[in-house]
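K.L.:
Give the three-dimensional model of this entry:
(chains A and B)
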Amino acid sequence: MKTPIEEFAELARTRPTVLREAHKEGAKVVCYVGNYAPTELIYAAGAKPYPMWRGGEPEPPDASLEETLRFLNPLHRTAIGLHMMGLDPVSSFADLVVVSITDCHIARIAEVFEDRGLPTCKLGVPSEWQSASDFAYYKNKVELFKAKLEEITGNKITDEAILEQIEASNKVRAALRKIDELRKLPVPPIDGTTFIKLNHYATQCEPAEAVESLERIYSWLLEQVDENATSDKPRVMLIGRAVGIGDYVVTTALEKSDAVIVTEMLDEAFFRFQKDVEVEGDPSDNLCKNLYIDSVPIDNFQPSWGLRYDIAKEKMAEYNVDGVLWYQLLYDEIYDMEYCCYAKKASRDGILFTNVQTSYEYTREAMGPLMTKLETMVEAFKGGKY
Amino acid sequence: MTKTAHDELFELTMLDQAEDAVELMHYWKLGAQDLGLTEEDISFAVHNWMPRHLDLQYKGVRMCVGATLRELIDIFRFKDRKRKGEDVKGIYGVLPAVLAPYQSIKYAGGDKVYTSFPDLLLMFTLQAWFHKGAPLMEKAEAAGFSYGARHCALNKIGIAGRMTGLIPAPDVMWSWGLVCDEATKVDEFLQTMTDDKWISVITRMPHDTYKGDEDYQLEDRIKYLGSNLRDSMAECEKALGIKVSEEDMRRAADDFGRFMGKIGQLTMLNAAADPVPLRNSTLTIPFGLASIPFNTGVGYMEEAIDILMEEVKEAAAKGEGLTRKGAAKVGAYFNPWATPWLERILIENDCVFIFSMPTAVSKAQMVPLKSTDPHEQFAEQWLQINFGMGCGCDIRNWVEKIEMLKPDAMILGFLDYDRWLGQAQKRNAVEVEEITGVP
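P.N.:
As a prediction, this is how the structure comes out:
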């Protein structure tokens, strides 16, 4: 018999087939890259969203090299690489691909989408997130995206429809938060890799389906909680740009090395669930505020690193973290700079941490040194002196 | 009295004839010490490196080098003034930016304000002329700005310059992040990694235009950037305790437009000659005036450019140049002036760079500005530059420049680590080749 988590995985796995069928029957499908296009608007327009967040395979980034710079990170090269290889299950029939332009990596990828003839909507996300004019810029881009959705669907997006979708997505957030709370227990009933997968699954089905699945998973997890249990497994916080859908090798390897990821701070390929979208007031405005102002500022926002460090530190205390794994995508230059600053502050504050970079090359030759590094890290975290 | 290498450098660059030659020499010697340049290093540059990579037979070139060296020396004068607690405030910026806003600040602040892009100045001089940039780059890598992540060499020099104390901390750092992300983030990096304190002013804008858009014709884009520049300028004024007048801004904008025109003219004159008189590594030096807001003023370089233009005309008329007549002429997306031996290899093989995309002026840059508001004019000026524009525009600009300057081939791929500009070299090559027929 399948566990509720396996059932949820199955639901997510079949999502492209569901979308293909829906598309044949006239539904509009909107792919999205990045995290700043509110999916609530897509649903409110009567369309179906699909995240292009896959990662973890070496071939798609390589395939993209015909048209991309090799120094773009492998996550974004995967998005276009899969499409170029004909392996993306949805992009070939997408009615719109909306790309959140947060940095040069993703901007250049959007350009390749455009060159390849995909119906591309570029949603500019300015970096000076504390400035009122930049919020206005972002909000204006969201309005243009909204207009584009209305154009492709022929449906007017009403405030009522948006509010309905906000309420639906808030239920997903609440369900994820409940499960996340269990990760604070001395022996969490769910590991970090599985939690990240749940987050990914939640973006690959309808909100109502996600809520139902997550509620069942929560009940199932509760049954497994032993409140008296203790563990000497190091509790790890994961920080990075993204764990792409399918890129679970490093987190799995870490947790197989006798550690547990209890919390994370990820900028992309992750449904932000920590804070509900406000329901009072202008719904479009509330969506923008939730994503742009109320969420943890991403690494490329400016300034952000000081605040991000403080937020990470608070989370470490909240989740009783022993050490940090900085998970970095190869050639992600701004994350590399932030890591350097993080390392300086963490050393000062006596925080244990290490850095793993990935190019998505998980060959046997690459895995040997990686496992050694992770095992050494876990031992050091156990001893509290990495 | 025996001449020192310092004297020889001043003779070569004609700084020995300057009215303030003694003062310049004083600060140069202080600077050379900070830069780690020994007499031997300077002698190598004067007798070997610079003659091999720059066209020093032209007085205009020697004057251009002198004007840039004067600007380098001025860093150490500023450093000395800061050390003495004099009433001077420094504002730095990063490449690429429209210089007019910085220059207008200089015009408003006079001697109480020091303006510079010190990282670029070090790259222009320490690396390109003295071949001594590597130790600084290694210091940045050792500080965590890792080699493996393929960071920008210019940012490495800037970071190491600041972290080692070679370059004094500014009072204001106004960073433009309109092309790459890294340049502006260097400010945040340094804020964390050093104990110095300064006010950070940031001007950024997402790359979210579409193929076919011409940014300088998009009113909302001009207005947004203009407003951003207005806010940034106000922050700078407050931090520096100055007020920039419309007249300061107009004067700076006129200067910038004039330099770009002269540089474009020089590039055209050189490219049209056969054989070509000037290396691109040489042509890059006057372009410094369009890349760095010279604290020492525009007069020295502008005078040098005017002389150089006449010399190029004369050389072209006499048929004097770098290669035999009819040698292959190539263009580059970015001429590798900081590694000038690459150009030397080309010349030794009877081939010559005639232009670098950024130094060639496009038709868009000649379009009269529509805006009347000075900040929006700055924005418009920026958006007229091909790498100031968003996606797709560069293809049209490349085609236009190639058709105008008629190279036999284009060499692309320099600076390929730049996450924004690097990609253009790969993506555009096929399309531009198809349109122009130039390989």
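
K.L.:
what about residue A:262, is that helix, strand or coil?
P.N.:
strand (DSSP: H, G, I helix; E, B strand; the rest coil).

K.L.:
Give me the distance between it and chain B.
P.N.:
Taking CB to the nearest CB, to the nearest Å as the measure, residue A:262 falls 26 Å from chain B. Any C-beta I mention is one placed from the backbone N, CA and C, and that applies to glycine too.

K.L.:
What are the buried residues along stretch B:214-229?
P.N.:
B:214-216, B:218, B:221-222, B:224-229 (16 or more other CB atoms under 10 Å in any protein chain shown).

K.L.:
which residues does residue B:265 contact?
P.N.:
By CB atoms under 8 Å, 6 or more residues apart in numbering or on different chains, residue B:265 lies in contact with residue B:309.

K.L.:
What is the end-to-end distance of stretch B:209-229?
P.N.:
One end of stretch B:209-229 to the other measures 19 Å (CA to CA, to the nearest Å).

K.L.:
does it come close to chain A?
P.N.:
Yes: residues of stretch B:209-229 are located near chain A by CB under 8 Å from any CB of the partner chain, namely B:209-211, B:224, B:227-228.

K.L.:
Residue ranges in chain B under the pLDDT threshold?
P.N.:
For chain B, residues meeting the criterion pLDDT under 70 lie at B:391.

K.L.:
ok, which stretches of the stretch 51-200 of chain B are helices?
P.N.:
B:59-83, B:100-109, B:118-122, B:134-142, B:153-163, B:182-193 (DSSP state H, counting those that start in this stretch).

K.L.:
and for the helix or strand harbouring residue A:17, what are the contacting residues?
P.N.:
Counting by DSSP states H and E, the element that carries residue A:17 is helix A:15-24. The contact list for helix A:15-24 (CB under 8 Å, 6+ apart) reads A:27, A:29, A:48, A:50, A:89-90, A:93, A:95, A:204-205.

K.L.:
now with 6 Å?
P.N.:
Contact with helix A:15-24 is made by A:29, A:48, A:50, A:89-90, A:93, A:204-205, as judged by CB atoms under 6 Å, 6 or more residues apart in numbering or on different chains.

K.L.:
export stretch B:66-77 as PDB, just CAs?
P.N.:
C-alpha atoms of stretch B:66-77 as PDB (Å, rounded to 0.1, in the frame of the first residue of the first chain):
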ATOM      1  CA  GLY B  66      50.100  61.000 -19.400                       C
ATOM      2  CA  ALA B  67      46.500  62.200 -18.800                       C
ATOM      3  CA  THR B  68      45.500  58.800 -17.500                       C
ATOM      4  CA  LEU B  69      48.700  58.500 -15.400                       C
ATOM      5  CA  ARG B  70      47.900  61.900 -14.000                       C
ATOM      6  CA  GLU B  71      44.500  60.600 -13.000                       C
ATOM      7  CA  LEU B  72      46.100  57.500 -11.400                       C
ATOM      8  CA  ILE B  73      48.400  59.800  -9.400                       C
ATOM      9  CA  ASP B  74      45.400  61.800  -8.200                       C
ATOM     10  CA  ILE B  75      44.100  58.700  -6.300                       C
ATOM     11  CA  PHE B  76      47.200  59.000  -4.100                       C
ATOM     12  CA  ARG B  77      46.800  62.700  -3.800                       C
END
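
K.L.:
Would you mark the buried spots in it?
P.N.:
B:66-77.

K.L.:
again, but for stretch B:409-425
P.N.:
Neighbour count says stretch B:409-425 has B:410-412, B:414-425 buried, by 16+ other CB under 10 Å.

K.L.:
Work out the gap between that stretch and the centre of the chain.
P.N.:
Relative to the chain's own centre, stretch B:409-425 is displaced by 17 Å; criterion: CA atoms, centre = their mean, to the nearest Å.

K.L.:
Can you give the contact residues for it?
P.N.:
Here stretch B:409-425 has contacts from A:69, A:71, A:104-105, A:108, B:150, B:179-180, B:330-334, B:336, B:387, B:394, B:429, B:438-439, using CB under 6 Å, 6+ apart.

K.L.:
Using PDB, write out the CA atom coordinates for stretch A:25-33.
P.N.:
Output in PDB follows, covering the C-alpha atoms of stretch A:25-33 (Å, rounded to 0.1, in the frame of the first residue of the first chain):
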ATOM      1  CA  GLU A  25      -9.800  20.600 -24.300                       C
ATOM      2  CA  GLY A  26      -9.000  24.200 -24.500                       C
ATOM      3  CA  ALA A  27      -7.400  25.100 -21.100                       C
ATOM      4  CA  LYS A  28      -4.500  27.500 -21.300                       C
ATOM      5  CA  VAL A  29      -1.200  26.400 -19.800                       C
ATOM      6  CA  VAL A  30       1.300  28.800 -18.300                       C
ATOM      7  CA  CYS A  31       4.800  27.700 -17.500                       C
ATOM      8  CA  TYR A  32       6.900  29.700 -15.100                       C
ATOM      9  CA  VAL A  33      10.600  30.100 -14.300                       C
END
